[in-house]
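Novice: Sequence first, predicted model second:
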Amino acid sequence: MSDYQSLVDEVSGLLRAPVTLEDREFTLIAFSSHEDEPDPVRARSILSRRSSPKVRAWFEGFGIAEAAGPVRTPADPATGVRGRLCLPARHEGRAYGYLWLLDNGAVEIDDPRLGRAMALAERAGALLAAEVWKGEAAPRAFARLLSASGAERAEGSRALAAMGHPISSARASAVVVSPASAYVRARIPHGVLAYQSPDGLALLVPLADPSDTSPAEAAAVRVLGPAPDAPLAGVGGGRALLEEAVDSWREAWTAFRAARAEPRLGPVARWGELGAYRLIASLPPAPSADPVLLPLLDAARTDLLHSAETYLDHAGHVQRAAAALSVHRQTLYYRLSRIEALTGLDLESGEDRLLLHLAVKAHRLSSVPEGPPAAR
């Protein structure tokens, strides 16, 4: 609210007249001081925080909702209403509110100060638009975009277009962040669509080019910030059509799961950089770990499981793997022999190495929930 009040006070000081700010439903947002007694419309607006339907119809009759610049509304001596100058608070071609200058005709339409005043009105429009987009309607439309139903997704797309949300005509990439604390939600960038699901915070970020997801990655970094609860984020690939956002959301969720399973991929995991996890995550979930891995899942053999994964991550290079494990090479050779004896695999065989490597990664990924309800 302080941003709105600062804007109202600045416009009032610039044009030297009382100013009010109302949203497009004529609900009073902020007002400046008024030395004279206000007219009946202003007085009722301040007392009730909104204007009556009759007053709204009167002012809208002068075309303020479509106007791109200042509009002079006349005085009405019969009702005591003074002349006003309306500065539409627009954003992305749509009026989200109105700054009212109660000057009784003192400020001319061609007054050079109105250029600065309209810039402030546009700033008010951007703030009001953000309030609309972060309200209930836009998240509900976003939720429909994540539906498994094509009809639901089409309805969500139409709803966003109807409310004038800029994402409705943009290419986009999805982001998932979890856990989504109040701190995280407060850092959502302007123009980014958000939906709080049971599984995490879903974001839809507009892109200039669907092949360049850097804006989505930047949004994820901004939302995470120095968050106290150490959340992770996954970024999906870009999509040219809004109704394909669910596919980007599935990719973002997969990237998030991979970051949970493999910390080196976080805190912002990108679908395009998941490597083998892209393939593993696309496979149907197995009821249990691959049989070849079972002997290594005993609690007493965690050092063997970790050694196997590290050795395979380093492409079978014993010296580098031993250094990563902080053990002597002979210790690693001993562990590898134990792994072969327990699993029946030959770690000199590329096929056996592949089987064990995939089994380890699939088991790691299985510890993370499979996916959000919309992606199932």
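Specialist: It's in.
Novice: Pull up the distance across stretch 90-98, start to finish.
Specialist: Criterion Cα to Cα, to the nearest Å; first-to-last residue distance in stretch 90-98 is 8 Å.
Novice: cool, stretch 229-249 as well?
Specialist: Using Cα to Cα, the gap from the first to the last residue of stretch 229-249 comes to 23 Å.
Novice: Against residue 172, how distant is the residue most central in space within the chain?
Specialist: For the chain, the residue sitting closest to the mean C-alpha position, by Cα atoms, centre = their mean, is residue 203 at 2.8 Å. Using Cβ to Cβ, to the nearest Å, we find residue 203 at a distance of 10 Å from residue 172. Yep, even glycine has a C-beta here, placed from its N, CA and C like the rest.
Novice: Equivalent analysis for residue 291, please.
Specialist: With distances taken as Cβ to Cβ, residue 291 is found 42 Å from residue 172.
Novice: who has more neighbours, those two?
Specialist: residue 172 (28 against 10; other Cβ atoms under 10 Å).
Novice: avg pLDDT for the host helix or strand of the more buried one?
Specialist: Assignment of secondary structure by DSSP states H and E places residue 172 within strand 171-178. In this model, strand 171-178 has an average pLDDT of 89.
Novice: What's the mean pLDDT across stretch 258-277?
Specialist: Per-residue scores along stretch 258-277 average to 89.
Novice: quick one: buried residues of it?
Specialist: Residues of stretch 258-277 classed as buried by neighbour count (16 or more other Cβ atoms under 10 Å): 258-262, 265-266, 268-271, 274, 277.
Novice: Which strand residues bridge residue 233?
Specialist: residue 177, residue 268 (DSSP bridges).
Novice: Just the C-alpha atoms of the longest helix anywhere in the chain, please, in PDB.
Specialist: With DSSP state H applied, the helix covering the greatest number of residues in the chain is identified as helix 113-133. Extracted as PDB, the C-alpha positions of helix 113-133 are listed here (Å, rounded to 0.1, in the frame of the first residue of the first chain):
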ATOM      1  CA  ARG A 113       3.500  18.200 -16.200                       C
ATOM      2  CA  LEU A 114       1.000  15.600 -17.400                       C
ATOM      3  CA  GLY A 115       3.700  13.600 -19.100                       C
ATOM      4  CA  ARG A 116       5.400  12.800 -15.800                       C
ATOM      5  CA  ALA A 117       1.900  12.300 -14.200                       C
ATOM      6  CA  MET A 118       1.000   9.700 -16.900                       C
ATOM      7  CA  ALA A 119       4.300   7.900 -16.300                       C
ATOM      8  CA  LEU A 120       3.300   7.600 -12.600                       C
ATOM      9  CA  ALA A 121      -0.200   6.400 -13.700                       C
ATOM     10  CA  GLU A 122       1.500   3.600 -15.700                       C
ATOM     11  CA  ARG A 123       3.500   2.600 -12.700                       C
ATOM     12  CA  ALA A 124       0.200   2.400 -10.700                       C
ATOM     13  CA  GLY A 125      -1.200   0.300 -13.500                       C
ATOM     14  CA  ALA A 126       1.700  -2.100 -13.300                       C
ATOM     15  CA  LEU A 127       1.200  -2.500  -9.500                       C
ATOM     16  CA  LEU A 128      -2.500  -3.000  -9.900                       C
ATOM     17  CA  ALA A 129      -2.000  -5.500 -12.600                       C
ATOM     18  CA  ALA A 130       0.300  -7.500 -10.400                       C
ATOM     19  CA  GLU A 131      -2.400  -7.600  -7.700                       C
ATOM     20  CA  VAL A 132      -4.900  -8.900 -10.200                       C
ATOM     21  CA  TRP A 133      -2.500 -11.600 -11.600                       C
END
